[in-house]
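Chemist: Kindly generate the corresponding structure for this input.
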Amino acid sequence: MSGVVRAAGGVLLRRRKGALETLLVHRPKYDDLTFPKGKALEGEPDEDTAVREVLEETGIRCRRGPELASTSYTDPQGRPKRVRYWLMRPDGAVPRFEPDDEIDRVAWVDVVQVPEVLTYDRDREVLDAAAALTEPVYLVRHAKAGSREHWEGDDALRPLSTKGRRQADGLAEAFARRPLVAVVSSPTVRCVETVELIARSHGLAVRTVDWLAVGAPTAVTREEILGLAGPAVVCSHGEVIPPVVRHVVDAGIPSEGPLSWKKGSTWVLERDAGFPSMARYEPPPRDRAPRG
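Modeler: You can find the predicted model right below:
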């Protein structure tokens with residue numbers, strides 16, 4: 001982006017007395033309330049700029065999370081400027097804030113009240129992107145499909161079996177009262193068929209993505225899932241879901257239920273302040289026909 005001023009910053013969230021709060025900084029030069037951010041140094045990656053600027057403006061050393069929305073505008077010198085933002089969390093204890101000429105005060109503000117106090121409308125989209133990462137992601141392994149050995153066509157086209165369709169019906173019932181903003185799936189037919197009833201009942205379309213397919217780089221899949229706006233359903237395979245769950249559990253996040261991923265099962269990834277806070281296993285729905 002030649003000629004564009006590069007800048008980056010961070011959005012910090014915390015939960016206090018049940019309320020979700022974010023950190024804003026006040027710049028006396030502009031008399032504004034905004035998120036901590038600043039221009040990149042020569043040759044400095046945007047990711048490093050974001051962490052450095054948050055540290056310099058707030059005194060808080062942070063760890064980066066998912067990338068959020070970016071903003072673009074014309075700076076006071078008339079130059080085009082782009083600011084990239086990342087969700088962040090403190091890496092250790094939060095020190096006492098020391099004001100200076102650039103930032104004279106910081107404030108933790110309830111996200112419900114933030115839109116009223118932010119100086120710039122463009123920052124509201126960034127806040128919305130951060131708040132969406134506090135909602136859960138549901139990792140669904142596709143329901144039972146026909147036998148791979150007996151399927152003669154392209155394996156990506158292998159559909160659900162009769163038992164799998166019963167599981168898909170059960171999943172739609174289980175998600176009927178859960179709010180959702182997105183249903184995302186591996187492109188394979190068996191994955192799409194597993195969640196299309198869930199999507200339809202919520203007035204959504206199933207979005208297919210390659211990063212949920214078998215063979216997708218695990219790091220990319222994990223990053224996409226953890227950065228997905230929620231609440232959202234994600235449907236994938238037995239080769240894809242276990243590494244994501246294990247990564248979360250190995251990081252010390254509390255979990256409930258066995259480390260299992262039966263076909264049609266769900267792993268619920270709860271997120272607090274934008275980062276995983278709990279992983280919970282939900283067994284698959286029954287796949288037998290009702291008696292009678």
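
Chemist: Check which helices and strands the helix or strand containing residue 106 sits against.
Modeler: Element membership for residue 106 (DSSP states H and E) is strand 105-110. For strand 105-110, the elements it packs on are strand 19-27, judged by 3 or more C-beta pairs under 8 Å, 6 or more residues apart in numbering; DSSP states H and E. Using the backbone N, CA and C atoms, a C-beta is placed for each residue, glycine as well.

Chemist: which parts of the strand it packs on are buried?
Modeler: For strand 19-27, a neighbour-count test (16 or more other C-beta atoms under 10 Å) marks 20-27 as buried.

Chemist: which one of those residues is nearest residue 112?
Modeler: Nearest to residue 112 out of the buried residues of strand 19-27 is residue 20 (C-beta to C-beta; 8.1 Å).

Chemist: Any idea how many residues pack against the closest residue to that closest one other than its chain neighbours?
Modeler: Once flanking residues are discounted, residue 20 sits nearest to residue 111: 4.9 Å by C-beta to C-beta, 6 or more residues apart in numbering. Number of residues near residue 111 (other C-beta atoms under 10 Å) recorded here: 17.

Chemist: Could you do residue 92 as well?
Modeler: The local packing of residue 92 (other C-beta under 10 Å) involves 9 other residues.

Chemist: close enough to count as contact, it and residue 61?
Modeler: Yes - taking contacts as C-beta atoms under 8 Å, residue 92 lies within contact range of residue 61: 6.2 Å.

Chemist: And the residue nearest to residue 20, how far from residue 53?
Modeler: 21 Å (C-beta to C-beta, to the nearest Å).

Chemist: hang on, residue 198 in a strand?
Modeler: No - according to DSSP: H, G, I helix; E, B strand; the rest coil, residue 198 belongs to no strand; its state is helix.

Chemist: doesn't residue 182 make contact with it?
Modeler: No - using C-beta under 8 Å, residue 198 is not in contact with residue 182, being 10.8 Å away.

Chemist: shared neighbours, those two?
Modeler: Residues touching both residue 198 and residue 182 (C-beta atoms under 8 Å, 6 or more residues apart in numbering) are residue 233.

Chemist: between the two, who's got more neighbours?
Modeler: residue 198 (25 against 19).
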